[in-house]
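S.K.: sharing a model prediction with you, sequence too.
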Amino acid sequence: MTTASPGTPQQAPGIVDPVRRIRRTGFSIGLATGLYGISFGALATSSGLDVWQAMVLSAVMFTGGSQFAFIGVIGGGGSALGAALASVLLGVRNTLYGLILARSLPRHGGKGLARVQLTIDESAALAASGSDERERRAGFWAAGVWVYVFWNLFSLVGAVAGQFVADPRAWGLDAAAAAAFLALLWPRLRSADAVAIAVAAAFIALVTTPSLPPGLPVLAAALVAVLAGLLPARRSAEPPRRETPPDPRPRTEDPR
């Protein structure tokens with residue numbers, strides 16, 4: 001019979017450790033996200049990149065939205081400078097994620113460099129779902145590492161397959177990234193405020209897409225959430241009722 005040390009927290013039978021659960025979730029997110037890396041690889045080679053260029057871009061840039069923006073500009077006949085600018089504009093959001101997660105994650109040494117590389121939508125979202133520092137760290141590393149592994153693996157598959165596919169868009173591969181982002185966002189729309197912000201951001205992105213350069217509509221939509229966060233919290237019109245505390249004095253019966 002084994003006994004736990006005094007400093008080890010006890011866990012009731014049948015209850016899954018939250019850290020183990022969040023690591024499993026990170027693996028699932030990594031696999032699901034990696035699958036739409038196939039679309040990036042196929043679109044990259046069909047846009048004029050060779051397999052090795054696509055893989056270097058995937059391994060070094062490693063942020064799906066920026067990668068799709070890069071190959072979108074290149075495939076549309078744009079310059080490499082324009083493609084890089086669109087990618088940078090879309091990658092600004094990762095800087096904001098890094099600022100939010102700075103307290104929970106290492107900032108120096110090898111782990112600090114790895115954190116910079118793995119700060120993406122999926123790792124930031126899973127880290128934000130943690131209830132304490134331990135869960136947030138586990139969520140960040142689980143999602144970040146598994147997404148990196150599966151993303152690059154399936155990007156290679158897509159890049160090789162893209163050489164033999166005449167038009168990857170005919171297979172709907174260009175819509176895979178947008179579908180994955182929606183799948184990531186949907187579980188977080190649990191309140192009316194979150195739904196309202198999402199609808200407003202989508203409207204701004206839809207209106208500005210025809211007139212702004214690639215990347216700027218995403219930032220314009222993100223400003224909706226920033227402005228919403230700066231607004232004061234709504235207060236209820238009716239103040240909460242205060243219950244009257246019971247009278248501590250003993251009650252005496254009426255002699256009548």
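M.R.: Noted; the coordinates are in hand.
S.K.: my guess is L57 meets S47, correct?
M.R.: No. With contacts defined as C-beta atoms under 8 Å, L57 does not count as touching S47, sitting 10.8 Å away. No exception for glycine: its C-beta is placed from N, CA and C like everyone else's.
S.K.: who has more neighbours, these two?
M.R.: Each of L57 and S47 had its neighbours counted (other C-beta atoms under 10 Å), and the higher figure belongs to L57 (21 against 18).
S.K.: name the nearest residue to that one, sequence neighbours excluded.
M.R.: Q67 (6.2 Å; C-beta to C-beta, 6 or more residues apart in numbering).
S.K.: show me the contacts for that neighbour.
M.R.: Residues in contact with Q67, defined by C-beta atoms under 8 Å, 6 or more residues apart in numbering, are 40, 44, 57-58, 61, 87.
S.K.: quick check on those: which are buried?
M.R.: Among the contacts of Q67, the ones that count as buried by 16 or more other C-beta atoms under 10 Å are 40, 44, 57-58, 87.
S.K.: could you redo the residues you listed as a markdown table and give each row pLDDT and secondary structure?
M.R.: Formatted as a markdown table, the entries for the buried ones among the contacts of Q67 read as follows, by pLDDT from 0 to 100; DSSP: H, G, I helix; E, B strand; the rest coil:
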| residue | pLDDT | secondary structure |
| --- | --- | --- |
| F40 | 86 | helix |
| A44 | 86 | helix |
| L57 | 90 | helix |
| S58 | 90 | helix |
| S87 | 79 | helix |
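S.K.: reformat those residues into CSV and put distance to D193 next to each item.
M.R.: Converted to CSV, these look like this (distance: C-beta to C-beta, whole Å):
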residue, distance to D193
F40, 33
A44, 38
L57, 37
S58, 36
S87, 31
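S.K.: nearest to W141 among these?
M.R.: Within the set of the buried ones among the contacts of Q67, S58 lies nearest W141; the separation is 19.8 Å, counting by C-beta to C-beta.
S.K.: how many neighbours does the closest residue to the closest one other than its chain neighbours have?
M.R.: Using C-beta to C-beta, 6+ apart and skipping the chain neighbours, the partner closest in space to S58 is S155 (4.4 Å). Using other C-beta under 10 Å, S155 has 28 other residues around it.
S.K.: mind listing what S155 touches?
M.R.: Applying C-beta under 8 Å, 6+ apart, one finds that S155 lies in contact with 37-38, 40-41, 44, 54-55, 58.
S.K.: L31 and A143 touch, don't they?
M.R.: No. Checked against C-beta under 8 Å, the pair L31 and A143 is beyond contact range at 10.8 Å.
S.K.: gap between S46 and A159?
M.R.: From S46 over to A159 the distance is 10 Å, taken as C-beta to C-beta, to the nearest Å.
S.K.: more crowded one of those two?
M.R.: When neighbours are counted by other C-beta under 10 Å, A159 comes out ahead of the other of S46 and A159, with 27 against 20.
S.K.: other SSEs contacting the helix or strand A42 falls within?
M.R.: Secondary structure assigned from DSSP states H and E places A42 in helix 37-46. With contacts defined as 3 or more C-beta pairs under 8 Å, 6 or more residues apart in numbering; DSSP states H and E, the secondary structure elements packing on helix 37-46 are helix 51-60, helix 64-75, helix 133-162, helix 176-185.
S.K.: could you dump those helices to TSV with distance to V116?
M.R.: What follows is the helices and strands packed on helix 37-46, written out as TSV (distance: least, C-beta to C-beta, whole Å):
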stretch	distance to V116
helix 51-60	12
helix 64-75	14
helix 133-162	10
helix 176-185	21
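S.K.: and these: which comes nearest A102?
M.R.: Once C-beta to C-beta is applied to the helices and strands packed on helix 37-46, the stretch that comes out nearest is helix 133-162, at 11.5 Å.
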